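Asker: pasting the sequence and the predicted model now:
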Amino acid sequence: EESGEHVIAGCGELHVEICLKDLRDEYAQCDFVVSDPVVSFRETVSELSSQTCLAKSPNKHNRIYLVAEPMDEELSKAIEDGSVGPKADPKERAKLLTEKFDWDKDTAQRKIWCYGPETDGPNLVVDQTQAVQYLIEIKEHVNSAFQWTTKE
């Protein structure tokens, strides 16, 4: 079913405004209805977080502290090409992470919680805790939040 709607994409609001003006004045030579633009934002981590984020459980007995830090560009590419991605052989992935990217062996083998977005992207959640009991109970919640954040 046709709605009569057309989508115009541009490199920013100003670009879209110029395209619409040209369309209205020079090409279509008629008036048309324009809705508010939908703007997609893309962000990246360029340096270690200046603050540590804190999340508390509803009963205030549990806390999780998070920081973001940039990954090596080569590591991102290795994840995207699959050699260090979630579908790679775990032993080969750990070997590559320890030898090429100077990761701790234990972290490379057992501490990667998830990849994102869509569970195979070039972003990682890595558990950097030591001797924390029952951490596995919140792993799925952290992974779900990370997937939602990286997808948006």
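Answerer: Yes, it's here.

Asker: can you give me the strands in this protein?
Answerer: Counting by DSSP state E, one finds strands in the chain at the ranges 53-56, 63-66, 112-116, 123-126.

Asker: tell me which of those strands is the most buried.
Answerer: Among the strands of the chain, the stretch with the highest mean neighbour count (mean count of other Cβ atoms under 10 Å) is strand 112-116, at a mean of 20. Using the backbone N, CA and C atoms, a C-beta is placed for each residue, glycine as well.

Asker: got any ranges where the protein has weak pLDDT?
Answerer: In the predicted model, the chain carries pLDDT under 70 at residues 41-42, 152.

Asker: quick one, longest helix in it?
Answerer: Longest helix of the chain, by residue count under DSSP state H: helix 136-151.

Asker: so it versus strand 112-116, what angle?
Answerer: Interaxial angle of helix 136-151 relative to strand 112-116 (axes from the mean of the first three to the mean of the last three Cα atoms, to 10 degrees): 20 degrees.

Asker: closest one to D104 among the strands of the chain?
Answerer: Judged by Cβ to Cβ, the one of the strands of the chain that comes nearest to D104 is strand 123-126, at 10.0 Å.

Asker: now do the longest helix of the chain: which elements does it pack against?
Answerer: On a contact count with 3 or more Cβ pairs under 8 Å, 6 or more residues apart in numbering; DSSP states H and E, helix 136-151 meets strand 112-116, strand 123-126.

Asker: contacts only, for the residue sitting furthest away from the middle of the chain.
Answerer: The centre of the chain is farthest from one residue, Q29, which by Cα atoms, centre = their mean lies 42.5 Å away. Contact criterion Cβ atoms under 8 Å, 6 or more residues apart in numbering gives no residues in contact with Q29.
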